[in-house]
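> Sequence and predicted model, in that order:
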Amino acid sequence: MVYFPSDTKTTIPLSIIFGGISPEHPASVSSFDNLIKSFRELNFDRNINSIYFFDKDGSVLYNSYTPYISPDDFTHSGDKIDLYTAIKRMSKQNEFHINLLHGNLGEDGHIQGVAKYFKIKGTFGSVLPSSLSMSKYHMSHYINSLLPSLKSPKTLLLTEDNLEKTFSLISDNFPEEKIVIKPNSLGASLFTNKYVNLENEKKSILDNLKNIFEYDRFALVQAFIKGKEYSVGCIRIEGKAIALNVVEIITKNSFFGHDEKHRINKSEEILLIQDSEITRTLKDLSIKIFESTGYEFMCRFDFIVTESEEIYFLESNPIPGMMKNSIFPKMLKGHKLSIPSLFIHLSCSSQNISEKKSIFNYIIE
């Protein structure tokens with residue numbers, strides 16, 4: 001169990017950033033809704049100073065936090081400012097910013113670079129792990145080199161340029177195999193589908209790939225791995241990486257796609273309180289990935305374990321969903337942590353992180 005300061009008035013004021021121009025905009029809004037309600041239920045919303053809603057048109061709605069309006073109202077009214085003005089305001093205020101910008105531009109290194117440049121404190125994290133995590137293809141290659149014993153599904157990288165050769169490429173690489181097709185860098189399991197029969201599902205596959213290429217430069221075709229799916233969350237508290245309780249994910253067709261992730265009764269997520277040999281191994285692997293990749297605050301890792309106990313790495317999520325039915329809040333609860341206590345912890349810990357020097361003067365002749 002992790003303890004946090006009882007006198008939260010002494011902690012750094014909080015700011016929340018949500019919305020964004022990403023396909024995962026709805027997930028961000030839903031995370032914000034649940035986060036605000038969680039703070040209010042525990043009477044910790046007095047620590048919140050500012051709300052920044054990044055609208056789909058690229059503008060930002062700024063509000064000083066008030067407990068008397070609904071979370072949805074923060075998306076409709078407030079001081080409408082441009083992005084640069086918002087960034088400058090964030091850089092001048094002594095606040096710890098909770099970044100809920102899921103997906104592209106919010107989770108892939110873009111906003112992380114801006115935050116580093118303008119010295120904005122918050123849960124943005126570093127550019128490299130954020131950018132690496134958002135490319136499933138490159139992250140899996142990194143994991144294979146870091147932990148050779150950890151497997152990754154056989155993968156084919158597709159671009160829009162080779163769309164016409166899609167079926168011959170799939171047939172050559174995955175003869176008589178079930179496959180999964182997914183975007184390389186989108187989250188929320190968007191456009192992530194399993195296919196059993198290539199011949200009978202050509203139209204569905206082609207339609208899905210066309211949808212992917214509207215949002216992503218790359219699509220992944222992967223061998224379907226049959227096994228139990230697990231998710232492991234890690235957080236960093238006072239400089240130490242901690243693995244939260246493992247969650248086992250059970251679905252009717254042994255596949256955790258977009259509907260299974262976001263629709264009620266489509267999956268069962270079991271918080272494993274008692275550790276087994278497998279959960280201990282998954283936790284150890286997750287901490288190694290967390291530390292070596294350089295995550296500063298939190299991340300969630302997904303794995304599949306086969307009947308023969310081979311462990312496959314699937315992906316990492318540096319800004320886990322905080323929605324009402326999301327996996328990460330369940331993990332926190334299993335560790336006796338609430339959503340507010342996590343972010344109060346992180347804000348307190350951030351005050352002990354020293355900035356590295358960025359300027360060095362030298363002579364060039």
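Received it, and whenever you're ready, just let me know what you need. Numbering: from 1, shown residues only.
> Tell me the helices and strands packed up against the host helix or strand of K194.
Per DSSP states H and E, K194 falls inside strand 193-195. Judged by 3 or more CB pairs under 8 Å, 6 or more residues apart in numbering; DSSP states H and E, strand 193-195 is in contact with strand 179-183, helix 202-215. All C-beta spots, glycine's among them, are computed from the backbone N, C-alpha and C.
> Please identify which of these is closest to S267.
Shortest separation from S267 across the helices and strands packed on strand 193-195 is recorded for strand 179-183, at 15.9 Å, computed as CB to CB.
> What's the local residue count around E201?
17 (other CB atoms under 10 Å).
> tell me the phi and psi of it?
Note on E201: its backbone torsions stand at phi -120, psi 20 [degrees, to the nearest 10].
> My guess is it contacts Y195. True?
Yes: counting by CB atoms under 8 Å, E201 sits close enough to Y195 to count as a contact (4.9 Å).
> circling back to that earlier point, can you tell me which of the helices and strands packed on strand 193-195 is most buried?
Compared across these, strand 179-183 shows the largest average neighbour count, a mean of 23 (mean count of other CB atoms under 10 Å).
> partner strands of that strand, parallel or antiparallel?
Each strand that pairs with strand 179-183, with its direction, by DSSP bridges: strand 193-195 (antiparallel), strand 218-223 (antiparallel).
> Test my guess that F218 contacts P183.
Yes: distance between F218 and P183: 7.5 Å, which falls inside the contact criterion (CB under 8 Å).
> In this protein, where's the longest strand?
Longest strand of the chain, by residue count under DSSP state E: strand 228-237.
> What about T155, how many residues nearby?
Neighbour count of T155, defined by other CB under 10 Å: 17.
> K240 versus that one, what's the distance?
Here T155 is placed at a distance of 33 Å from K240 (CB to CB, to the nearest Å).
> and I304, what is it in contact with?
225, 227-230, 311-312, 314 (CB atoms under 8 Å, 6 or more residues apart in numbering).
> Who does it form a beta bridge with?
When bridges are called by DSSP bridges, I304 pairs up with E229, Y312.
> what about it, distance to K56?
Computed with CB to CB, the distance linking I304 and K56 is 34 Å.
> Repeat that for E268.
Taking CB to CB as the criterion, E268 is separated from K56 by 33 Å.
> Could you do K182 as well?
Distance, K182 to K56, by CB to CB: 24 Å.
> cool, and N253?
In this structure, N253 and K56 are separated by 33 Å, where distance is defined by CB to CB.
> Residue ranges of each domain in this structure, please.
When the chain is parsed with the TED database, its domains come out as 14-124, 133-150+226-317, 155-223.
> Endpoints of the longest one, how far apart?
Using CA to CA, to the nearest Å, the end-to-end distance of domain 14-124 comes out at 14 Å.
> quick check, distance from it to the centre of its chain.
Remark: domain 14-124 is offset 16 Å from the chain centroid, using CA atoms, centre = their mean, to the nearest Å.
> Averaged pLDDT, it. What do you get?
Averaged over domain 14-124, pLDDT sits at 94.
> now swap in the last one and tell me
In this model, domain 155-223 has a mean pLDDT of 89.
> and the strands paired with strand 179-183, which is most packed in?
strand 218-223 (a mean of 22).
> hmm, who's touching that one?
Strand 218-223 is contacted by residues 135-137, 153-159, 169-170, 173-174, 177-185, 209, 212-213 when judged by CB under 8 Å, 6+ apart.
> For my notes, confirm E164 occurs in a helix.
Yes: counting by DSSP: H, G, I helix; E, B strand; the rest coil, E164 is found in a helix.
> related to what we said a few turns ago, to R89, which of the strands paired with strand 179-183 lies closest?
For the strands paired with strand 179-183, proximity to R89 was assessed by CB to CB; strand 218-223 is nearest, at 35.5 Å.
> Could you figure out how far that closest one is turned away from helix 202-215?
In this structure, strand 218-223 runs at an angle of 140 degrees to helix 202-215, with axes from the mean of the first three to the mean of the last three CA atoms, to 10 degrees as the basis.
> So what's the gap between strand 218-223 and the chain middle?
Relative to the centre of its chain, strand 218-223 is centred 19 Å away, using CA atoms, centre = their mean.
> and stretch 284-295, how far out from the chain's middle?
15 Å.
> Actually, stretch 217-224.
The gap between where stretch 217-224 is centred and where its chain is centred comes out at 19 Å by CA atoms, centre = their mean.
> for stretch 117-134, same thing?
With CA atoms, centre = their mean as the basis, the distance from the averaged C-alpha position of stretch 117-134 to the chain average is 12 Å.
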